[in-house]
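Colleague: Quick one, structure for this:
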Amino acid sequence: MRTQQFGIEMEMTGITRERAAQVIAGHFGTTSHFRGGVYDAYEATDRQGRVWKAVSDASITCQKKTVSGGKVIAGRSYSCEVVSPILTYADITDLQEVVRQLRHAGAFVNKSCGIHIHVDASKHTPATLTNLVNLMAQKEDILYRALQIAPDRLQYCKKVNENLLEVINRRKPQTLPELADMWYAGFMIRGMRITTVVDIVVLIYTPPLPKGQSSLGCSTPLPMRGRLNPIFSFVWHSVSRHSARKKPVAEGA
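Modeller: Numbers count the residues shown, from 1 in each chain. Prediction:
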């Protein structure tokens, strides 16, 4: 656990991307700057020189607080998704404090906001990934009920594919390429098989938590009150080097 690498994407509003980058830089004692690009990004570095980003996300309903404490519709500069660099257990204290300072600077979440946690799965084997899929399949109904997942959120993280479950348990893949063939069967982009991200677990839709209470009872509470929609994903780095050969793509395709 202490060597596990992960990354987190935290959607929020109530704060502009520029201000969010300034807050992050302020925590680390560094500077922030405008990067631009498709996501109109602002960036801040931490003490190790890693880059934290505040980017735009079209799915966020933008709001800001009024002087009286109410919430009103805001411009798109208030669409803010904070994207961390690759983190480890040692970074959890900083991550918690970054969230606290963003909140103190005005950031909050609404029903449109989510959290995406990406876990490095490069050390996993076909056996451990198969076990993970089976474990999720066994527990997901309980999780969906316990976490009160709203039906309209299920489109973003579907339950385990029953056909996949049957195939991997019957064929018992021995190598990552074999498992990838089963996992991504039928999914191609421009002639190349998708072999980078494995979405495993569950979309969580929770009611507001009491201040200070951690979501899921974990040891890393995110002190943003409101509705959180974390999506847990496993980034399957070790499979990407085994991706299928690229097929020629017709010019202009």
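Colleague: May I see the domains of this structure written out as residue ranges?
Modeller: Here the domain parsing of the chain from automatic domain parsing is 7-113, 115-248.
Colleague: By mean pLDDT, show me the worst of those.
Modeller: Here the lowest mean pLDDT among the domains of the chain goes to domain 115-248, at a mean of 62.
Colleague: With mean neighbour count as extra columns, can I get the domains of the chain in CSV?
Modeller: In this view, the C-beta of every residue, glycine as well, is placed from N, C-alpha and C. CSV is the format used below for these (neighbours: other Cβ atoms under 10 Å):
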stretch, mean neighbour count
domain 7-113, 17
domain 115-248, 15
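Colleague: Helices along the protein, start to end?
Modeller: 17-28, 92-104, 126-146, 162-171, 176-183, 237-240 (DSSP state H).
Colleague: mind putting these in a markdown table, distance to Arg47 included?
Modeller: Converted to a markdown table, these look like this (distance: least, Cβ to Cβ, whole Å):
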| stretch | distance to Arg47 |
| --- | --- |
| helix 17-28 | 5 |
| helix 92-104 | 8 |
| helix 126-146 | 33 |
| helix 162-171 | 42 |
| helix 176-183 | 35 |
| helix 237-240 | 25 |
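Colleague: So which of the ones you listed is nearest Cys62?
Modeller: Checking these against Cys62 by Cβ to Cβ gives helix 17-28 as the closest, at 10.9 Å.
Colleague: With only the CA atoms kept, save that closest one in PDB.
Modeller: Only the C-alpha atoms of helix 17-28 are listed here, as PDB (Å, rounded to 0.1, in the frame of the first residue of the first chain):
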ATOM      1  CA  ARG A  17      -9.100  27.500 -12.500                       C
ATOM      2  CA  GLU A  18      -6.600  30.300 -12.200                       C
ATOM      3  CA  ARG A  19      -7.300  30.800  -8.500                       C
ATOM      4  CA  ALA A  20      -7.200  27.000  -7.900                       C
ATOM      5  CA  ALA A  21      -3.700  26.800  -9.400                       C
ATOM      6  CA  GLN A  22      -2.600  29.800  -7.200                       C
ATOM      7  CA  VAL A  23      -3.900  28.000  -4.100                       C
ATOM      8  CA  ILE A  24      -2.100  24.800  -4.900                       C
ATOM      9  CA  ALA A  25       1.100  26.700  -5.600                       C
ATOM     10  CA  GLY A  26       0.700  28.700  -2.400                       C
ATOM     11  CA  HIS A  27       0.500  25.400  -0.400                       C
ATOM     12  CA  PHE A  28       3.800  24.200  -1.900                       C
END
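Colleague: tell me what that helix is packed against?
Modeller: strand 32-36, strand 41-45, strand 51-55, strand 80-83, helix 92-104 (3 or more Cβ pairs under 8 Å, 6 or more residues apart in numbering; DSSP states H and E).
Colleague: contacts for it?
Modeller: 12, 15, 31-34, 40-47, 52-56, 77, 79-80, 82, 94, 97-98, 101-102, 105-107 (Cβ atoms under 8 Å, 6 or more residues apart in numbering).
Colleague: Repeat the analysis, applying 6 Å as the threshold.
Modeller: The contact list for helix 17-28, computed with Cβ atoms under 6 Å, 6 or more residues apart in numbering, reads 31-32, 42, 44, 46-47, 52, 54, 80, 82, 98, 101-102, 105.
Colleague: Same question for stretch 33-49.
Modeller: Counting by Cβ under 6 Å, 6+ apart, 17-18, 21, 24-25, 28, 30, 32, 51-56 sit against stretch 33-49.
Colleague: okay, how far is it across it, tip to tip?
Modeller: End-to-end distance of stretch 33-49 (Cα to Cα, to the nearest Å): 14 Å.
Colleague: farthest pair in the contacts of helix 17-28?
Modeller: Arg47 and Cys80 (22.5 Å).
Colleague: ok, back up a step: who wins for proximity to Lys64 among the helices of the chain?
Modeller: Checked against Cβ to Cβ, the stretch from the helices of the chain lying closest is helix 17-28, at 10.8 Å.
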